[in-house]
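Attaching a predicted model along with its sequence, questions to come.
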Amino acid sequence: MADKPSRGLVLYGDGLARFVHIHLHSLAAQSLCGFLSLPENVDGRTIGEFLNLVDAYEPPISERFMGVRAALITLGLSVLQSDELAMELLKLLGFEDEKVLDTNKFDLIFVHVYINSLIGEIISKAKPKSEIGSRLHLSVVLSYGDTESMKSDLASLIPRQSYTMKGSNVREYCPMLMAQWQEGVTRKDLVKTFSFQDFKENGGNLTIPADRFVHEVAFKLWKAPKYGA
């Protein structure tokens, strides 16, 4: 358990779960991995999935989570080089020159961008036993894109989890894949690759509804009680 509140960075890749590369596998191998389930009737797939992820149907995040300062950044592929982008994102969270600053502009940042090389840059700056590594809570979430042709079936996960019993509208296929990492804080499971099959067989985080994801992150920032506690 951390002795100080973390600062959260969420990297979201829409439609990228089928195009996973080396930095994502490296992150998965040192993270706690699992799934985020989605409702069946998400209106407008890309927008609807992202709105569920950030729980945008409720009051603003700052009202629900003790005044947390959050930002959403959506970028094209060529706006910044990955090393520049990683540096700027960490600076907004109060991490600079391998140090944790006393002041930070944001507590939580969501980034919607192509993420493989960006992950490599961030991990290189949040090295084990560094100040940044101990305070940065990194989440990577990938969705599938076109769900109709995919065979990633949540119904095959046994035993059934409580979220499937609370409503009949849970989509049983194509969940979001999620990996979370913070040096010395998050647990590590047996996953070695960022893939549905590896998460299903070896992931330690199982499945939570996508609209509860922000609650889990806010807990790491000391802005909310543990979800499900």
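Cool, the structure landed.

Low-confidence ranges, this protein, go.
Within the chain, the stretches with pLDDT under 70 are 1-2, 14-20, 41-47, 56-58, 75-80, 114, 144-169, 227-229.

so where do the helices sit in it?
22-29, 45-53, 61-64, 82-92, 116-125, 131-135, 196-202, 213-220 (DSSP state H).

So residue 96 sits against residue 90, correct?
Yes: judged on C-beta atoms under 8 Å, residue 96 makes contact with residue 90 at a distance of 7.1 Å. Every C-beta, even on glycine, is put in place using the N, C-alpha and C of the backbone.

the more surrounded of the two?
Remark: of residue 96 and residue 90, residue 90 carries more neighbours, 22 against 14, as counted by other C-beta atoms under 10 Å.

The more buried one against residue 122, yeah?
Yes: counting by C-beta under 8 Å, residue 122 is a contact partner of residue 90 at 7.2 Å.

Which neighbours do these two have in common?
Residues touching both residue 90 and residue 122 (C-beta atoms under 8 Å, 6 or more residues apart in numbering) are 9, 136.

With distance to residue 171 added, can I get the helices of the chain in CSV?
What follows is those, written out as CSV (distance: least, C-beta to C-beta, whole Å):
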stretch, distance to residue 171
helix 22-29, 23
helix 45-53, 10
helix 61-64, 24
helix 82-92, 31
helix 116-125, 26
helix 131-135, 35
helix 196-202, 14
helix 213-220, 15
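
Can you say which of those is packed in most?
Of these, the one with the most neighbours on average (mean count of other C-beta atoms under 10 Å) is helix 213-220, at a mean of 22.

Need the contact partners of that one.
Applying C-beta under 8 Å, 6+ apart, the contact partners of helix 213-220 are 2, 5-6, 8, 10, 36, 53-55, 61, 64-65, 68, 108, 137, 139, 141, 178, 182, 185, 208, 224-227.

same thing with stretch 65-78?
Residues outside stretch 65-78 that contact it (C-beta under 8 Å, 6+ apart) are 54, 61-62, 85, 89, 92, 105-114, 214, 218, 221-224.

try 7 Å this time
With C-beta atoms under 7 Å, 6 or more residues apart in numbering as the test, stretch 65-78 has contacts from 61-62, 92, 106-114, 218, 221, 223-224.

Equivalent analysis for stretch 103-111, please.
Stretch 103-111 has contacts (C-beta under 7 Å, 6+ apart) with 7-12, 54, 68-73, 89, 92-94, 217, 221.

ok, of the contacts of stretch 65-78, which one's closest to residue 197?
Minimum distance to residue 197 across the contacts of stretch 65-78 is 23.3 Å, recorded for residue 114 (C-beta to C-beta).

Tell me the buried residues within the contacts of stretch 103-111.
Among the contacts of stretch 103-111, the ones that count as buried by 16 or more other C-beta atoms under 10 Å are 7-12, 54, 68-70, 89, 92-94, 217, 221.

now for this structure, which residue lies nearest the mean position of the chain?
By C-alpha atoms, centre = their mean, the mean C-alpha position of the chain lies nearest to residue 139, the distance being 3.0 Å.
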